[in-house]
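>>> I'd like to go over a predicted model; first the sequence, then the structure.
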Amino acid sequence: MEQIIELDYKDNIASIREKLDHAQVSEIQLVVPNGLADLRNKVYLNLVKRKAQDKAINLVLVVRDPEIRTLAKEVGLSVTSSVAKGHHLHLKKRSKRPPREQKAPPAETTRRSSAQVRLAKQPSAVSRAITMLVVLGVLTAMAGGFVLMVVPEATVTLSPATEPVEARIEITAVPDLQAIDYETGQVPARVLNVEMETSGSTPATGKRDIADAHAEGSVVFSNKTDQPVKVPKGTIVRSTAGTPVQFYTVADTELEGRRTAYRSVPIIAAEAGPNGNVRASTINVVEGALALQVDVINVQGTSGGGLKQVSEVTSEDMARVKNALMQRIQQEAMARLQALIEGNEFIPADTVKVDIASERYDQSAGAVADVLNLTLKVVAQAAVVGGEDANTLARRMLESMVPEGYVLYPESITYYPPEGLQVEGLAARFMMRASGLAWANISEAEVLNNILGKPESEALTFLSERWEYSQPPRLEVKPEWLGRVPWMPYRVALTIETPQLP
């Protein structure tokens with residue numbers, strides 16, 4: 001004998017096992033609504049299978065939910081899409097069972113029966129005729145019953161009504177949270193870290209003048225003694241007007257051994273720049289011991305000392321190259337972190353934090369240079385949110401918006417990108433939006449239980465009043481003269497049309 005057990009969305013693994021526990025038959029069709037949460041779990045499906053095996057139940061799951069169908073097949077459960085198909089599946093399995101062996105009657109009983117047959121009176125012609133008529137009547141009734149069972153057929157087509165539903169929910173992704181918190185709208189987030197090193201450069205924008213060329217000229221040494229005097233190359237002389245400027249001779253010379261003997265020697269300023277350009281008669285000091293032997297004077301002024309403009313590093317240059325490098329690192333860090341996430345995970349951009357581990361400039365502020373280079377070592381960190389977790393929360397909210405008597409059509413659900421992102425440290429708060437279609441929750445088992453064997457008009461009345469439709473229910477019975485839905489469920493082709501998605 002076969003039993004149909006219809007589940008609803010309130011059922012869980014405990015109630016399902018309890019229903020199987022109370023079953024009194026060996027063949028059961030378990031009608032599962034789309035999206036039943038506990039049967040989207042392999043462990044729970046295995047528990048259902050084990051309970052059926054313990055009770056020696058030939059179990060068939062009537063389910064259309066693609067995810068549940070796939071998981072059920074993986075654990076070895078029989079799956080079909082309709083009650084009629086489930087009935088055929090039971091019949092098929094029943095036909096494969098080996099026939100029970102008939103025990104031979106005891107020999108003594110056989111002997112007694114044979115003796116009794118021999119002793120029995122031979123039936124009269126009237127008795128034989130009556131017997132034949134009775135047998136013929138029984139066979140005719142059986143044939144008629146058989147025809148009524150296998151010949152009639154019906155086609156039922158139902159188009160459930162649909163209602164659009166939409167939901168918005170505020171979700172907070174929290175690092176180190178272990179599981180979804182449905183009450184507070186929190187989902188787990190994990191933290192990713194990557195170490196990076198990168199370099200950048202910028203032109204130095206500061207300008208300043210620096211000494212470029214050394215002033216040159218000549219001085220005249222005159223002997224203050226009666227002895228010859230050697231004036232070696234590199235002898236230091238200096239000016240006395242204004243800021244003293246040192247010069248040194250660039251050649252050796254020797255003065256004759258008489259007073260006022262003189263010689264002219266070329267000189268060059270010790271330091272580059274315009275300060276070395278001095279007027280005539282201002283270089284009049286000889287430095288060192290040689291000053292006791294000779295006097296010095298520049299008959300003409302010195303010239304040629306000059307400046308040039310060069311680039312120098314400013315503090316603004318240092319800040320600019322660092323800011324530009326940090327912007328580039330932020331983008332590179334996001335790309336590096338994105339490469340590490342899996343599946344439906346996503347990284348809220350504002351959770352990406354970059355901490356500088358070290359920074360190294362090749363020039364300091366004020367240094368003469370055309371280019372400033374900077375090398376940064378950083379640690380980039382971000383929160384990774386499980387997109388599936390966020391979708392689960394949004395779906396739960398969407399299911400709460402479904403009107404009574406309707407269920408959510410899973411294939412119609414659309415999840416939209418997060419909006420209004422707010423970041424506090426590594427925690428991210430955002431709005432999630434989901435939309436979908438809810439359709440009238442038409443139970444295949446309830447349909448069959450209430451129309452089998454009923455007059456066509458009565459069956460149509462029940463269908464029309466029980467659920468809401470996008471099109472009126474359609475019922476076709478063959479042969480037409482029968483005017484009644486067949487008694488056997490496998491003679492009824494029931495189609496519940498799925499919603500048309502936009």
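It's in. Numbering: from 1, shown residues only.
>>> remind me which residues of the stretch 301-450 of the chain are low pLDDT?
Along the stretch 301-450 of the chain, segments meeting pLDDT under 70 are nowhere present.
>>> and the helices in it?
315-338, 387-400, 444-451 (DSSP state H, counting those that start in this stretch).
>>> go ahead and confirm Q422 touches T351.
No. Counting by Cβ atoms under 8 Å, T351 is not a contact partner of Q422; they are 10.5 Å apart. From N, CA and C alone the C-beta is placed, and that goes for glycine too.
>>> would you map the strands across the stretch 51-200 of the chain?
Under the criterion DSSP state E, counting those that start in this stretch, the stretch 51-200 of the chain contains strands at 58-62, 78-80, 153-160, 162-175, 186-203.
>>> quick one: which of the helices of the stretch 301-450 of the chain is nearest V83?
helix 444-451 (5.1 Å; Cβ to Cβ).
>>> mind listing the residues bridging to P455?
R484 (DSSP bridges).
>>> wait, it touches L482, no?
No. Assessed by Cβ under 8 Å, P455 is found out of contact with L482, at 9.8 Å.
>>> now the common contact residues for those two.
Here P455 and L482 share no contacting residue, scored by Cβ atoms under 8 Å, 6 or more residues apart in numbering.
>>> which one, of the helices of the stretch 301-450 of the chain, ends up nearest to T235?
Between T235 and the helices of the stretch 301-450 of the chain, the tightest spacing by Cβ to Cβ is seen for helix 315-338, at 44.7 Å.
>>> got the CA coordinates for that closest one in CSV?
Provided in CSV are the C-alpha atoms of helix 315-338 (Å, rounded to 0.1, in the frame of the first residue of the first chain):
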residue,chain,number,x,y,z
SER,A,315,59.2,69.2,1.4
GLU,A,316,56.3,69.6,-1.0
ASP,A,317,58.1,67.2,-3.5
MET,A,318,58.4,64.6,-0.7
ALA,A,319,54.7,64.8,0.2
ARG,A,320,53.7,64.7,-3.5
VAL,A,321,55.6,61.6,-4.4
LYS,A,322,54.3,59.9,-1.3
ASN,A,323,50.7,60.7,-2.0
ALA,A,324,50.9,59.6,-5.6
LEU,A,325,52.6,56.4,-4.5
MET,A,326,49.9,55.7,-1.9
GLN,A,327,47.1,56.1,-4.4
ARG,A,328,48.8,53.7,-6.8
ILE,A,329,49.4,51.2,-3.9
GLN,A,330,45.7,51.4,-2.9
GLN,A,331,44.7,50.3,-6.4
GLU,A,332,47.3,47.6,-6.7
ALA,A,333,46.4,46.4,-3.2
MET,A,334,42.8,46.0,-4.2
ALA,A,335,43.8,44.0,-7.3
ARG,A,336,46.1,41.8,-5.2
LEU,A,337,43.4,41.2,-2.6
GLN,A,338,40.7,40.5,-5.2
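>>> quick revisit: please work out which of the strands of the stretch 51-200 of the chain is packed deepest.
strand 58-62 (a mean of 23; mean count of other Cβ atoms under 10 Å).
>>> okay, how far is it across stretch 231-245, tip to tip?
20 Å (Cα to Cα, to the nearest Å).
>>> ditto for stretch 441-458
Counting by Cα to Cα, the terminal residues of stretch 441-458 are separated by 21 Å.
>>> so for L437, which of the strands of the stretch 51-200 of the chain sits nearest?
Closest among the strands of the stretch 51-200 of the chain, once you apply Cβ to Cβ, is strand 162-175, at 4.8 Å.
>>> who does that closest one pair up with?
strand 186-203 (parallel), strand 427-440 (antiparallel).
>>> can you redo those strands as CSV with distance to I210?
Below are the strands paired with strand 162-175 laid out as CSV (distance: least, Cβ to Cβ, whole Å):
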stretch, distance to I210
strand 186-203, 18
strand 427-440, 54
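>>> just to revisit the earlier point, export the strands of the stretch 51-200 of the chain as a markdown table, with columns for mean pLDDT.
Below are those laid out as a markdown table (pLDDT from 0 to 100):
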| stretch | mean pLDDT |
| --- | --- |
| strand 58-62 | 91 |
| strand 78-80 | 91 |
| strand 153-160 | 94 |
| strand 162-175 | 92 |
| strand 186-203 | 91 |
